[in-house]
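# got a structure for you, letters missing:
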């Protein structure tokens with residue numbers, strides 16, 4: 001079985017170290033402050049007191065993800081004050097837990113008599129996130145108070161949902177607990193947690209009790225429209241879907257269930273080939289925060305929730321544990337360096353929930369004023385949302401990024417991602433020296449693997465690569481080159497050509513017809529009017545034969561691009577005979593993940609071809 005190399009075995013430097021430092025010094029404290037101010041942390045005591053806001057059904061999960069992020073950060077950077085803050089929250093949770101094990105900061109003070117009666121009210125989702133937090137905090141600190149709370153709660157869940165089957169529904173309305181149960185199973189070795197995961201996954205799409213009464217959507221919204229082994233297309237709420245698919249992949253890895261694996265592969269291919277934005281965003285529509293249909297990928301009304309892109313990376317990670325195929329790491333990399341990082345400002349203090357690929361401020365205002373279009377488009381990030389799932393989700397992903405780099409089977413170590421770092425595990429040490437994603441030079445120094453194999457992903461975006469100065473052949477094994485390690489310490493020098501390139505979309509994507517976007521390495525670029533003299537991207541067409549200018553950008557840790565383009569001529573007429581007259585100009589392009597950090601601005605990823 002392929003095993004994951006945890007973040008705790010990897011010390012990151014360079015680009016991801018900078019992001020982790022910002023996460024630790026800015027993002028985690030910002031979230032703590034805002035969650036305290038909005039009552040999320042106070043609600044963990046499960047008491048309705050005068051002056052306190054009524055808790056929301058998902059507040060447990062917001063707090064849990066923050067605790068999990070802290071656990072990952074503390075593992076790399078011990079901080080007694082931060083640990084004290086976490087311990088204080090855990091004390092509140094433990095003190096409020098009911099005698100039978102139940103815990104939920106909404107139901108206990110607000111409507112305890114209705115617990116486990118409403119499938120849409122996130123009880124099991126919250127339990128899942130609290131379990132993940134408990135596992136992470138125990139692994140970092142050895143403290144088991146929250147772990148014991150969740151074990152007791154899970155005993156109740158097993159009784160209610162399996163032994164007695166007494167709940168009003170059979171499976172979670174919002175999937176997530178499935179992932180947590182496998183993590184707890186892997187920590188404890190107790191089969192009952194894996195069995196509960198299997199129960200929820202195997203029951204989904206088969207239970208009469210799960211047939212909902214929503215009048216605005218159907219059972220596909222929460223992936224309850226058919227048994228999971230029959231799923232072939234990604235449908236419904238995108239975060240729920242990808243958490244389910246991640247749980248399915250987890251369970252398949254531990255059981256060898258071939259039908260489950262077949263479903264996971266088909267679902268991934270449907271997303272990767274037909275339902276994913278070039279930025280790694282998924283979920284095209286605000287209606288249900290959902291997947292729609294093949295090639296329906298509008299840019300200006302794209303929903304592309306930050307949490308959905310994060311969930312995609314989880315699914316990719318688990319698929320890599322099922323089989324080493326670079327398409328999974330390629331998709332994860334696309335998400336990490338574009339939509340995921342775009343969800344948080346460069347200073348780590350503000351966040352996007354929705355990640356469109358085009359912003360036209362005037363067009364959006366006119367839609368709201370005259371056309372009854374109310375999409376919640378934000379042109380600038382904000383510190384907290386009413387539904388604030390994304391900020392702590394980003395915090396836990398960035399804090400644990402080192403765990404994405406490697407997996408290992410009996411004889412082979414797989415390098416999936418490139419990051420200046422040092423990893424030590426199982427008597428093996430791997431050092432990466434690189435300025436990725438700004439540059440494509442990657443040096444691996446491998447020791448302790450003599451007689452084994454080192455497999456390195458050749459990125460799908462890369463058209464030319466070298467190893468130790470020699471051009472690599474085009475042939476790979478599912479995107480990996482397998483290298484024999486013959487020395488006690490061996491160096492592998494890779495070069496991945498990062499020449500900027502124009503990317504086109506499948507002609508079936510109507511939104512992108514006649515347009516291209518610009519990419520360099522794994523990074524997708526965009527044009528902002530604020531960096532281009534106020535010129536709107538819609539008036540620009542790019543010269544696809546032009547040579548790019550490349551400049552180091554200390555602010556982003558990536559490269560800023562310039563390229564020759566043409567601006568449509570001005571006219572005082574509403575309509576006029578077309579002429580080819582255009583104004584030549586140079587435009588500045590910045591990484592998509594860095595947009596909206598320079599004031600309010602129009603923005604576009606896809607630009608017309610000249």
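Sure, I can see it. The structure displayed is predicted, hence computed values, not measured ones.
# residues contacting the residue nearest to residue 560 when sequence neighbours are not counted?
Of all residues not flanking residue 560 in the chain, residue 553 sits nearest, at 4.2 Å (Cβ to Cβ, 6 or more residues apart in numbering). (Each C-beta comes from the backbone N, C-alpha and C, glycine too.) Residue 553 makes contacts with 559, 560, 590, 591, as judged by Cβ atoms under 8 Å, 6 or more residues apart in numbering.
# for residue 280, same thing?
If you count contacts by Cβ under 8 Å, 6+ apart, residue 280 has them with 309, 312, 331, 332, 334, 335, 336, 337, 338, 339, 340.
# Which strand or helix spans the fifth one?
This means residue 334. For residue 334, the host element (DSSP states H and E) is helix 326-334.
# ok, back up a step: partners of the residue nearest to residue 560 in the sheet?
Judged by DSSP bridges, the bridge partners of residue 553 are residue 558.
# Tell me how far it lies from residue 496.
19 Å (Cβ to Cβ, to the nearest Å).
# can you pull the buried residues of stretch 3-10?
For stretch 3-10, the neighbour count (16 or more other Cβ atoms under 10 Å) marks 4, 5, 6, 7, 9, 10 as buried.
# Just the pLDDT at the first one, thanks.
Among the per-residue scores, residue 4 shows a pLDDT of 96.
# and it, what does it touch?
Neighbours of residue 4 in contact, by Cβ under 8 Å, 6+ apart: 317, 321, 403, 407.
# Now residue 550. Its backbone dihedrals?
phi -120, psi 130 (degrees, to the nearest 10).
# doesn't residue 500 make contact with it?
Yes: here residue 550 reaches residue 500: they are 7.2 Å apart, a contact under Cβ atoms under 8 Å.
# Mind checking which of those two has more residues around it?
Neighbours per residue, other Cβ atoms under 10 Å: of residue 550 and residue 500, the larger number sits with residue 500, 19 against 16.
# Quickly note the distance from the more buried one to residue 521.
For residue 500, the distance to residue 521 - Cβ to Cβ - is 9 Å.
# again, but for residue 176
Distance from residue 176 to residue 521, by Cβ to Cβ: 32 Å.
# Next: residue 510.
For residue 510, the distance to residue 521 - Cβ to Cβ - is 28 Å.
# what residue ranges in this protein score low on pLDDT?
The model of the chain has pLDDT under 70 over residues 213-216, 372-377, 384-387.
# residue closest to the middle of it?
Central residue of the chain (Cα atoms, centre = their mean): residue 310, 1.1 Å from the mean position.
# That one and residue 397 touch, don't they?
Yes: Residue 310 lies in contact with residue 397 (Cβ under 8 Å); the separation is 5.5 Å.
# overlap in contacts of the two?
residue 340.
# need the contact list for residue 114.
Residue 114 touches residue 107, counting by Cβ under 8 Å, 6+ apart.
# what about the next helix or strand after the helix holding residue 334, distance to the chain center?
Downstream of helix 326-334, the first helix or strand assigned by DSSP H and E is helix 341-342. Helix 341-342 sits 10 Å away from the centroid of its parent chain (Cα atoms, centre = their mean, to the nearest Å).
# can I assume the residue nearest to the centre of the chain sits in a strand?
No: assigned with DSSP: H, G, I helix; E, B strand; the rest coil, residue 310 falls outside any strand and is helix.
# now it: how far from residue 389?
10 Å.
# Same question for residue 597.
22 Å.
# Next, residue 288: secondary structure please.
Classified using three-state DSSP, residue 288 is coil.
# ok, it touching residue 218?
No: under the criterion of Cβ under 8 Å, residue 288 makes no contact with residue 218, lying 9.7 Å away.
# With neighbour numbers in mind, choose between the two.
Comparing residue 288 with residue 218 by other Cβ under 10 Å, the one with more neighbours is residue 288, at 21 against 13.
# For the more buried one, give me the backbone phi and psi.
Main-chain torsions, residue 288, degrees, to the nearest 10: phi 80, psi 10.
# Let me know the distance separating it from residue 299.
19 Å.
# Same check on residue 507?
16 Å.
# Neighbour count: those two, which is higher?
residue 299 (22 against 10).
# Report the contact partners of the more buried one.
Residue 299 neighbours (Cβ under 8 Å, 6+ apart): 356, 357, 358, 511, 512, 604, 605, 606.
# Check the burial of the fourth one by counting its neighbours.
What it means is residue 511. 18.
# Over to residue 189?
When neighbours are defined as other Cβ under 10 Å, residue 189 has 9 of them.
# how near is it to residue 162?
Distance of residue 189 to residue 162, computed by Cβ to Cβ: 19 Å.
# which SS class is residue 64?
At residue 64 the chain is in helix, as set by three-state DSSP.
# my read: it touches residue 135, true?
No: using Cβ under 8 Å, residue 64 is not in contact with residue 135, being 10.9 Å away.
# more neighbours, these two?
Each of residue 64 and residue 135 has its neighbours counted (other Cβ under 10 Å); residue 64 has more, 30 against 21.
# phi, psi of residue 467?
As for residue 467, its main-chain torsions (degrees, to the nearest 10) stand at phi -130, psi 120.
# Quick check: which element contains the residue lying closest to it once chain neighbours are set aside?
Excluding the flanking residues, the one nearest residue 467 by Cβ to Cβ, 6+ apart is residue 494, at 5.7 Å. Residue 494 belongs to strand 489-496 when assigned by DSSP H and E.
# which neighbours does that strand have in its sheet, and in what orientation?
The sheet places strand 489-496 alongside strand 441-447 (antiparallel), strand 465-467 (antiparallel), with pairing taken from DSSP bridges.
# got the buried residues for it?
Using 16+ other Cβ under 10 Å as the test for burial, strand 489-496 gives 490, 492, 494, 495, 496.
# Now flag whichever of these is closest to residue 48.
Nearest to residue 48 among the buried residues of strand 489-496: residue 496, at 56.4 Å, using Cβ to Cβ.
# Excluding chain neighbours, what is closest to that closest one?
What sits nearest to residue 496 in space, not counting adjacent residues and going by Cβ to Cβ, 6+ apart, is residue 440, at 3.6 Å.
# Can you get me a residue count around the one you found?
Using other Cβ under 10 Å: residue 440 sits among 22 other residues.
# Quick one: residues contacting residue 52.
Residues near residue 52 by Cβ under 8 Å, 6+ apart: 39, 42, 43.
# quick one: the last one from residue 555, how far?
It stands for residue 43. On the measure of Cβ to Cβ, residue 43 and residue 555 end up 37 Å apart.
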